[in-house]
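Quick one, what's the 3D model for this:
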Amino acid sequence: MKHINRWLVIVLVLVTLGLAACGPKTTTVEKIVPSKLEPIEGTDLSRVILTEKAAERIGIETVLASGKSVPFAAVIYDIEGNTWIYTNPEPLTFVREPIVIDQIEGDTAILAEALNSEMNVVTVGVIELYGTETGVSK
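Purely as a prediction, here's the structure:
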């Protein structure tokens, strides 16, 4: 009797494993791309376009700037020592703009030339945008 119970248990385990293998196949998960780059014609720069979720995760913050000053938090230096800011011309779109700093006063960068117009300037998430644009993470 004990012999029959063992065989019965073995058969049930094998049948269960076989049925588990017949289950539905797992679906492939589509990879979500958090950003894309659009080259800016006539330059080596690109527009960085983020998904809403990517901008939220980075914690992007902007302020309205005009004239000859920007928050120092908005300034980024490249590896050659050039200074830049990221503007936000459209929702979730960011463009790196060159600037020349005349002096720094506390949390404010005084520019050698005034900005062309009033614009939203990124103050939080600048380094992440730069890495996305230049491929630093690759």
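
And the helices in this structure?
For the chain, the helices defined by DSSP state H cover 2-21, 52-58, 126-134.

tell me the mean pLDDT over the last one?
Averaged across helix 126-134, the pLDDT comes to 95.

Equivalent analysis for stretch 88-100, please.
Mean predicted confidence for stretch 88-100 is 97.

What lies in contact with it?
The contact list for stretch 88-100 (C-beta atoms under 8 Å, 6 or more residues apart in numbering) reads 40, 45, 47-52, 55, 60, 62, 70, 75-76, 82-87, 109, 111-113, 119-122, 129-130, 133. To be clear about C-beta, it is placed using only N, CA and C from the backbone, and glycine gets the same treatment.

can you do 7 Å?
Stretch 88-100 is contacted from outside by 45, 47-50, 52, 55, 62, 82-87, 111-113, 120, 122, 129, 133, using C-beta atoms under 7 Å, 6 or more residues apart in numbering.

Also stretch 104-113?
Lys68, Ser69, Val70, Pro71, Phe72, Val75, Ile99, Val100, Ile101, Asp102, Gln103.

how does it look with 10 Å?
65, 67-75, 83, 85, 99-103, 123 (C-beta atoms under 10 Å, 6 or more residues apart in numbering).
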